[in-house]
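[1] fold the following, please.
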Amino acid sequence: MTKSSKATSIEILACDAGWRNYHFVKLTTEDGVVGWSEFDEGFGSPGVGAAIQRLSARVIGQNVFQHERIYAELFAATRPAAGGVVAQALGAIENALLDAKAKCLGVPCYELLGGKIRDRVRVYWSHCATWRINHPSWYKPPIENLDGVKAMGREVREKQFTALKTNIFSYDDGRPTGWRPGFGSPFSPEINVDRKILRDLRMHLEAIRDGAGSDVDILLDCNFNAKTEGYLKILRTIADLDMFWIEIDSFNPEALGYIRRQSPHPISSCETLLGLREFLPYFHQQAMDVAIIDTPWNGVWQSMKIAAAAEAFEVNVAPHNFYGHLCSMMNAHFCAAVPNLRIMEIDIDRLAWDRELFTHEPEIQNGHLVIPDRPGWGTEPNEEALRAHPSKTSGGLLNYGRKI
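    Reported below is the predicted structural model:
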């Protein structure tokens, strides 16, 4: 068993993913082993790839087994501005190193994380109705009214999923439109929540519950689409509905703690935080019931540290996962090994060509993802397929609210 294998090259690859692009790191070692990771530039963080390329010069020639030391060195080199896209670049490099190390050892990545605790992970169908409303040209069939929302709930139940997550919608003449002022669509920087939005949200949730039935858990993601006053209005409006959690993004841990203490429903948050230091104020404020960790952003190894801290504050964790199949597999290994897991996010509505892009898709049985036992993450991008779907010059949140 080798305990040394030096990185010889790091490449950035990307491909068309409908309304956005998928992005990948390909790290090759002197033994010909390839470590892969997936990262994202479309969720408010353009430029991650450029940061990876600049940092890669300090990775080439280093032993991929020493990922903790490499991460520490890269952090030291970027310490004055170690957050944002730089932190995400470090996470992407770390994840590629983990894949390479596991493949050198011939083991699944979860073995590097302490071994798996569970063979299957409960998942929730994320962006349920959302993708078919907001991106109808990519995700079929399009949803154009409340009957479509109700049918979506029924589809979740009939496909034996036990949980789903949806978002906030405005209805005009019965037709739904995504309501995302926090992301500039509509452009409304004051981000106030009026009576119509409250009525429409409740109507949307009641329709999806009508279709899903009483045994499917429903999650609501509010993102950054309100301020403290607005989130409290939403919580009061749906106080009597049976909700698994309400997901709220807030840059202020004290404000989020105030919201949680008045909420009739569990609160989840923190999917946009980077590094344990950013999570700690939220833990100290007891600001959420479930801490959401973006493992592609943070790196899976670093995410295990965040999860361990969450455990000390009696908080469970869930991964943020709305990217490609490689990210889902990276998150699956995290979920397999982390003790204090709540549930795993995954998008079931997929692009028509998603299955071409990866060697293996996630295996889902009865609403649970089966943890793979293949070496590394258990899937790789198909480079020929990536070239067949070249990336676009724009996409993701940068296009939200633009008329193009």
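[2] residue 169 and residue 91: what is the separation?
    Distance, residue 169 to residue 91, using Cβ to Cβ, to the nearest Å: 32 Å. Just so you know, the C-beta spots here come from the backbone N, C-alpha and C atoms, and that holds for glycine as well.
[3] neighbour count: these two, which is higher?
    Taking neighbours as other Cβ atoms under 10 Å, residue 169 and residue 91 compare with residue 91 leading, 27 against 24.
[4] quick one: the more buried one is in a strand?
    No. In this structure, residue 91 is helix, not part of a strand, as judged by DSSP: H, G, I helix; E, B strand; the rest coil.
[5] mind listing what's buried along stretch 193-210?
    193, 197-198, 200-201, 204-205, 207-209 (16 or more other Cβ atoms under 10 Å).
[6] run the chain-centre distance for that stretch.
    From the chain centre to the centre of stretch 193-210 is a distance of 25 Å (Cα atoms, centre = their mean, to the nearest Å).
[7] contacts for it, please.
    Outside stretch 193-210, the residues within contact range by Cβ atoms under 8 Å, 6 or more residues apart in numbering are 128-129, 146, 149-150, 152-153, 164, 166, 168-171, 176, 179, 218, 220, 225-226, 229-230, 233-234, 237-238, 241-242.
[8] so, low pLDDT: which residues of this structure?
    By pLDDT under 70, the weakly predicted segments of the chain are 1-2, 401-404.
[9] how does this protein divide up, domain by domain?
    With the TED database as the criterion, the domains of the chain are listed as 6-107, 112-382.
[10] can you lay out those domains as JSON lines showing distance to residue 390?
    Output for the domains of the chain, formatted as JSON lines (distance: least, Cβ to Cβ, whole Å):
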{"stretch": "domain 6-107", "distance to residue 390": "6"}
{"stretch": "domain 112-382", "distance to residue 390": "12"}
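[11] out of these, flag the one nearest residue 399.
    Closest of the domains of the chain to residue 399 is domain 6-107, at 7.4 Å (criterion: Cβ to Cβ).
[12] now do stretch 315-330: distance to the chain's middle.
    Using Cα atoms, centre = their mean, the offset of stretch 315-330 from its chain centre is 5 Å.
[13] now do stretch 334-353
    On the basis of Cα atoms, centre = their mean, stretch 334-353 sits 8 Å off its chain's mean C-alpha point.
[14] which of the buried residues of stretch 193-210 fall in helices?
    Among those, DSSP state H puts 197-198, 200-201, 204-205, 207-209 in helices.
[15] now the helices for the stretch 251-400 of the chain?
    In the stretch 251-400 of the chain, the helices defined using DSSP state H, counting those that start in this stretch lie at 253-262, 276-284, 295-298, 300-312, 325-337, 383-388.
[16] partner residues bridging residue 124?
    Beta bridges link residue 124 to residue 345, judged by DSSP bridges.
[17] list the contacts of the residue nearest to residue 357 when sequence neighbours are not counted.
    Nearest residue to residue 357, sequence neighbours excluded (Cβ to Cβ, 6 or more residues apart in numbering): residue 385, at 4.9 Å. Residues in contact with residue 385 (Cβ under 8 Å, 6+ apart) are 15, 353, 356-357.
[18] what do you get if the cut-off is 10 Å, keeping everything else the same?
    Counting by Cβ atoms under 10 Å, 6 or more residues apart in numbering, residue 385 makes contact with 15, 353-359.
[19] what about it, distance to residue 15?
    In this view, residue 385 and residue 15 are 8 Å apart by Cβ to Cβ.
[20] surely residue 226 meets residue 232?
    Yes. Counting by Cβ atoms under 10 Å, residue 226 sits close enough to residue 232 to count as a contact (8.7 Å).
[21] overlap in contacts of those two?
    193, 259.
[22] more crowded one of those two?
    residue 226 (23 against 16).
[23] quick one: contacts for the more buried one?
    168, 181-182, 191-193, 197, 232-234, 248-250, 259.
[24] switch the cut-off to 7 Å
    Taking Cβ atoms under 7 Å, 6 or more residues apart in numbering, we find residue 226 in contact with 191, 193, 234.
[25] contacts only, for residue 37.
    With Cβ under 7 Å, 6+ apart, residue 37 has these contacts: 24-25, 92, 95-96, 99, 330.
[26] quick check: it vs residue 383, distance?
    Separation of residue 37 from residue 383 (Cβ to Cβ): 15 Å.
[27] likewise residue 262?
    Taking Cβ to Cβ, one finds residue 262 at 51 Å from residue 383.
[28] neighbour-wise, which of these two wins?
    Neighbours per residue (other Cβ under 10 Å) separate residue 262 from residue 383, with residue 383 holding more: 15 against 11.
[29] now, the contacts of residue 37 that are in helices?
    When DSSP H is applied, the contacts of residue 37 are split such that 92, 95-96, 99, 330 fall in helices.
[30] give me the neighbour count for residue 251.
    Neighbour count of residue 251, defined by other Cβ under 10 Å: 10.
[31] and residue 259, by the same measure?
    Neighbours of residue 259 under the rule other Cβ under 10 Å: 24.
[32] how about it, nearest residue that isn't a chain neighbour?
    residue 231 (5.2 Å).
[33] find the helix or strand that the one you found is a member of.
    Here residue 231, judged by DSSP states H and E, is contained in helix 228-237.
[34] who's in contact with that helix?
    191-193, 198, 201-202, 222, 226, 246, 248, 255, 258-259, 262-265.
[35] re the thing from before, same list, the contacts of residue 37, but as a markdown table with neighbour count and distance to residue 119 please.
    Shown next, in a markdown table, are these (neighbours: other Cβ atoms under 10 Å; distance: Cβ to Cβ, whole Å):
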| residue | neighbour count | distance to residue 119 |
| --- | --- | --- |
| 24 | 24 | 27 |
| 25 | 26 | 28 |
| 92 | 28 | 28 |
| 95 | 33 | 22 |
| 96 | 31 | 26 |
| 99 | 32 | 21 |
| 330 | 29 | 17 |
